[in-house]
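# this one's sequence-less:
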Ligand SMILES: NCC(=O)CCC(=O)O
Ligand SMILES: [Mg+2]
């Protein structure tokens, strides 16, 4: 489609920007509270709210503080929270066994939130990195290059993790591990337990990115990480490959797909939406958040305008929703 524009001076594009009313009428995209998913960090202990040093304005909370922490977001109408645990080092092992403990932090948090806020959607991360002492998303076995994150040996562990999380009340499973075939394996595993309503939001195109740094600080997995994740997360140079990853996950039964990180990968979101017309989400990851907040704290950017513009970019790129640490603040602004 080639837009027809009358030549100047008959055509004057500035007419449609003349006043706030006109600008509202012609706005092509809108951000709404309905688009927001809020990632929340949980830790062991009691009575503690602990700031994440590398993410100004973000806190980890103990389970007894979780309902009070989440209540304002629920009140603002945020439809979903994504839960991430800070697993204590003594609960970590090489196989990530704690991931499938039905009484792990995530499951206890999910039972509590389901009871307190029955309409709030819970998104559960499926990957082993918060639970392994080596910081990888799957289990390590001898393989190419010495040790290797073993795809097929990781799948049954991920399936068990998804099942315990679903049984604890998590309605949306979000596999972030990037193993091949995990969406199909998790779907079959859930269905075998009768968990046919559990949705899968696949981190289909997850890049091996520098922008996850502050998150690893928040969940305490950064120091432990041996090597890098380049043998399973995607190369930032690639875009066609993201389309193949997304196609595979949709074919295996993903209900929704995600692109991660967000802002440096807006082109991937647009391609994905145009090509697959599936519910598409962006994760505005910790490094993007902290980058904005660092500039905001120095007075170099305006908080509200910077936040809203960064979120609108995802809508314009074609995302249906955004996982963002700004969610409660954006929702408060949208509610006026
Ligand atoms: N599965 C979650 C992550 O890997 C990182 C998210 C972030 O950096 O915010
Ligand atoms: Mg894949």
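Yep, that arrived. Just so you know, these numbers come straight off a predicted model, no measurement behind them. Ligands and ions are numbered 1, 2, ... in the order given.
# please count neighbours and contacts with C-alpha atoms only from this point.
Will do.
# which element is residue 313 on?
Take DSSP states H and E as the rule and residue 313 turns out to sit in helix 303-317.
# give me the contacts around the helix or strand that that helix is followed by.
Next in sequence after helix 303-317, counting helices and strands by DSSP H and E, comes strand 321-324. Contacts with strand 321-324, where a contact means Cα atoms under 8 Å, 6 or more residues apart in numbering, come from 34-39, 280-285, 289, 311, 314-315.
# report the distance from strand 321-324 to the chain centre.
How far strand 321-324 lies from its chain's middle: 7 Å, per Cα atoms, centre = their mean, to the nearest Å.
# just the buried positions in stretch 139-146, please.
139-140 (16 or more other Cα atoms under 10 Å).
# can you pull the contacts of the residue of the stretch 1-150 of the chain found nearest ligand 1?
As assessed by Cα to the nearest ligand atom, ligand 1 sits closest to residue 125 within the stretch 1-150 of the chain, at 6.2 Å. Residue 125 makes contacts with 82-84, 173-176, as judged by Cα under 8 Å, 6+ apart.
# returning to what we had before: off-centre distance for the helix holding residue 313?
For helix 303-317, the distance to the chain centre is 16 Å (Cα atoms, centre = their mean).
# so which of the contacts of strand 321-324 are in helices?
Counting by DSSP state H, those place 289, 311, 314-315 in helices.
# re the thing from before, and the contacts of strand 321-324, which are buried?
With burial judged by 16+ other Cα under 10 Å, the buried subset of the contacts of strand 321-324 is 35-39, 280-285, 289, 311, 314-315.
# so who does residue 34 touch?
77-79, 321.
# name the nearest of those relative to ligand 2.
residue 321 (20.7 Å; Cα to the ion).
# what number of residues lie near that closest one?
22 (other Cα atoms under 10 Å).
# could you look up the SS state of residue 71?
Secondary structure assignment for residue 71 (DSSP: H, G, I helix; E, B strand; the rest coil): helix.
# low-scoring stretches of this protein, by residue?
Counting by pLDDT under 70, the chain contains no low-confidence segment.
# residues of the stretch 101-250 of the chain that sit close to ligand 1?
Contact residues, the stretch 101-250 of the chain versus ligand 1 (Cα under 6 Å from any ligand atom): 176, 212, 215.
# which residues does residue 98 contact?
With Cα under 8 Å, 6+ apart, residue 98 has these contacts: 91-92, 104, 131.
# out of those, which are buried?
Taking 16+ other Cα under 10 Å as the criterion, what is buried in the contacts of residue 98 is 92, 104, 131.
# all helices for this protein, in order.
Taking DSSP H as the criterion, the chain carries its helices at 20-26, 63-75, 105-116, 151-167, 182-192, 213-218, 240-251, 266-276, 286-297, 303-317, 327-334.
# out of these, which is closest to ligand 2?
Among the helices of the chain, helix 240-251 comes nearest to ligand 2, with 4.7 Å by Cα to the ion.
# now that closest one and helix 182-192, what's the angle there?
10 degrees (axes from the mean of the first three to the mean of the last three Cα atoms, to 10 degrees).
# list the buried residues of helix 240-251.
For helix 240-251, a neighbour-count test (16+ other Cα under 10 Å) marks 242-243, 245-250 as buried.
# same thing with stretch 271-280?
271-273, 278-280.
# go back to those and keep what's next to ligand 2.
By Cα under 5 Å from the ion, no member of these lies near ligand 2.
# and those residues, which two are the farthest apart?
Largest separation among these by Cα to Cα: 271 and 279, giving 12.9 Å.
# which of the helices of the chain is buried the deepest?
Comparing the helices of the chain by mean neighbour count (mean count of other Cα atoms under 10 Å), helix 151-167 comes out on top with a mean of 22.
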